[in-house]
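Visitor: below are the sequence and a predicted model for it; my questions follow.
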Amino acid sequence: MAEMEDDLADVVPRGERPEDDEDSERDEDERDWVVWDEEEEEEVVVDTHMHPSKIDTPSERSGHIAVVDGNFMFVWGGYKNAEATGSFELYLPQSEMWIYNMETETWKMQLTEGELPASLSGSCGVCVDGVLYLFGGHHTNGNTNLVYRLPLRSPVLRWEKMSNLKGLAPTCKDKLGCWVYKNSLVYFGGYGYFAQEGHRGIFEFDETSFIMGNHIARGWNNHVHVLDLETLSWSQPVTTGNTPSPRAAHACATVGNRGYVFGGRYMNYRLNDLYYINLDTWEWSEMSVPQNGPVGRSWHSFTPVSQDHIFLFGGFTTYRQTLSDAWLYCISKNEWKSFKHKYTENPRLWHTACYGPEGEVFVFGGCANNLLSRERAVHSNELLVFNVQPKSLARLSMEAAVQHRQQLEGIWDSLPKHLLYSLKQRMSSINTMGS
């Protein structure tokens with residue numbers, strides 16, 4: 001759940017949550033039982049209460065993943081309110097992959113096949129050379145440390161469980177971060193089970209994790225784990241320098257050979273510190289954050305938008321405020337600048353943010369209110385688009401053609417086929433709005 005616990009509130013029946021006082025914030029991790037081995041995990045039955053999703057747009061959700069490949073954004077997983085009574089929160093179907101075409105501004109849903117992962121929240125998803133890699137997360141039986149891959153450019157989307165990985169795997173966890181570098185996935189932090197012998201780093205036990213009959217120690221960590229996609233092996237580098245504290249629900253960004261991490265939750269605090277790790281030497285460095293910079297937060301997004309800038313949006317403060325502020329961090333100047341935008345009335349936490357090929361950041365989903373309160377969570381399926389770079393001439397021309405379609409539609413057939421196709425796709429989405 002969040003603030004005083006581990007920043008997670010996925011599928012706990014609200015009627016079964018402890019009293020909402022300062023020392024009793026809990027999360028769905030507090031279970032009477034948790035799956036440990038892979039065979040049990042494969043038997044998990046999920047989504048039995050879900051209704052079919054609408055064809056034209058994905059369901060509202062939080063705790064999902066989103067990645068970009070080319071002009072397409074792929075959205076998977078997360079959870080939403082139950083439609084019947086609002087007393088429960090349910091995971092979204094693990095078979096559904098929602099695909100957003102950033103050029104035509106249209107959604108479509110494609111069913112996936114193969115070795116499907118369980119329905120999850122708080123997973124870590126990244127795209128490398130057209131392949132989605134999914135690690136960790138939380139499902140109805142607890143946390144997982146399984147890894148799945150999904151080639152996104154195939155006509156059939158087929159999941160593969162990466163079950164033959166060598167080396168010592170990370171513990172089962174969720175709400176972690178990831179950097180992609182030199183065909184390796186580098187995972188940092190998270191909230192999950194007690195560290196196994198041989199894991200390097202700090203594990204900070206969460207005393208509240210034993211509440212409600214959960215007998216498995218859980219807490220925050222600052223572990224660094226590397227998954228080499230060539231050798232298919234796990235390893236843990238020996239890091240040096242000023243190491244960040246354990247944390248979860250932080251946000252990571254890769255720029256060059258640096259892996260940046262901002263904020264997150266550690267024990268009773270939501271942080272506004274900024275670190276980077278040199279992914280060649282494994283040395284940590286801490287960057288100063290000015291007093292007039294972004295406040296401490298978790299469940300935010302931190303998205304690279306150039307070789308010198310990272311875009312920060314939203315999140316959740318120590319004082320249970322859901323944020324709508326945006327910032328640009330300049331790497332070369334170590335400088336934060338507030339980013340003006342039109343979504344100041346659209347706060348978000350536990351959303352996703354992806355950078356598209358046209359200089360835009362696409363923020364999808366998330367929760368708009370205090371996820372810890374007894375009020376019904378306001379999960380979103382809105383897409384907030386932030387223009388952080390000037391639009392291309394082609395994009396401006398496309399928008400002008402749509403805006404003045406009544407005058408120009410008669411000469412569209414003279415356009416190149418790929419432009420005509422894009423215009424018609426965008427027009428089809430406009431024509432079906434409100435139907």
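Guide: Received the coordinates, thanks.
Visitor: you'd agree Leu408 is in a helix?
Guide: Yes - judged by DSSP: H, G, I helix; E, B strand; the rest coil, Leu408 forms part of a helix.
Visitor: I figured it hits Ala401, correct?
Guide: Yes - in this structure, Leu408 is within contact of Ala401 by Cβ atoms under 8 Å, at 5.6 Å. Quick note: C-beta positions are derived from backbone N, CA and C, even for glycine.
Visitor: between the two, who's got more neighbours?
Guide: In this view Leu408 and Ala401 are compared by other Cβ atoms under 10 Å, and Ala401 has more residues nearby, 20 against 14.
Visitor: mind listing the helices for the stretch 151-300 of the chain?
Guide: With helices called from DSSP state H, counting those that start in this stretch, the stretch 151-300 of the chain shows none.
Visitor: so where's it shaky on pLDDT?
Guide: Applying pLDDT under 70 to the stretch 151-300 of the chain flags residues 211-215.
Visitor: can you give me the strands in it?
Guide: Here the stretch 151-300 of the chain has its strands, by DSSP state E, counting those that start in this stretch, at 158-161, 173-174, 177-181, 184-188, 191-193, 203-205, 218-221, 224-228, 233-235, 240-241, 251-255, 258-266, 269-278, 283-287.
Visitor: quick one: residues in contact with the fourth one.
Guide: Residues lying outside strand 184-188 but in contact with it, judged by Cβ atoms under 8 Å, 6 or more residues apart in numbering, are 124, 126, 128, 133, 135-136, 170, 176-180, 222-229, 250, 252, 259, 261, 277, 279.
Visitor: now do the fifth one
Guide: Applying Cβ under 8 Å, 6+ apart, the contact partners of strand 191-193 are 6-8, 29, 136, 143, 145, 171-176, 206, 216-221, 248-249.
Visitor: re earlier: ChimeraX command to pick out the buried ones of the contacts of strand 184-188?
Guide: To isolate the buried ones among the contacts of strand 184-188 in ChimeraX, judged by 16 or more other Cβ atoms under 10 Å, type:
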select :124,126,133,135,136,170,176,177,178,179,180,222,223,224,225,226,227,228,229,250,252,259,261,277,279
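Visitor: contact partners of the lengthiest helix in the chain?
Guide: Determined from DSSP state H, the single longest helix within the chain is helix 417-431. For helix 417-431, the surrounding residues in contact (Cβ under 8 Å, 6+ apart) are 101, 103-106, 398, 401-402, 405, 412-413, 415.
Visitor: what's the pLDDT at Gln407?
Guide: In this model, Gln407 is scored at 82, pLDDT.
Visitor: surely Ser301 and Val363 touch.
Guide: Yes - the criterion here is Cβ under 8 Å, and Ser301 meets it with Val363 at 6.7 Å.
Visitor: what do those two both touch?
Guide: 313-314, 351-353.
Visitor: turn those residues into CSV, including neighbour count.
Guide: Listed next are these as CSV, based on neighbours: other Cβ atoms under 10 Å:
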residue, neighbour count
Phe313, 27
Gly314, 27
His351, 28
Thr352, 24
Ala353, 23
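Visitor: which ones among those map onto strands?
Guide: Mapping the shared contacts of Ser301 and Val363 onto strands (DSSP state E) picks out 313-314, 352-353.
Visitor: what's Gly78 in contact with, if anything?
Guide: Shown in contact with Gly78 (Cβ under 8 Å, 6+ apart): 61-65, 91-92, 121, 365.
Visitor: so what's Leu8 scoring on pLDDT?
Guide: 44.
Visitor: cool, and the one 3 residues further on?
Guide: Val11 is assigned 36 on the pLDDT scale.
Visitor: next one: Lys80
Guide: Per-residue pLDDT puts Lys80 at 94.
Visitor: surely it is in a strand?
Guide: Yes - membership of Lys80 in a strand is supported by three-state DSSP.
Visitor: what sits against it?
Guide: With contacts defined as Cβ under 8 Å, 6+ apart, Lys80 is in contact with 59-62, 89-90, 92, 379.
Visitor: cutoff 10 Å now
Guide: The neighbourhood of Lys80, defined by Cβ atoms under 10 Å, 6 or more residues apart in numbering, consists of 11, 50, 58-64, 89-92, 365, 367, 377, 379-381.
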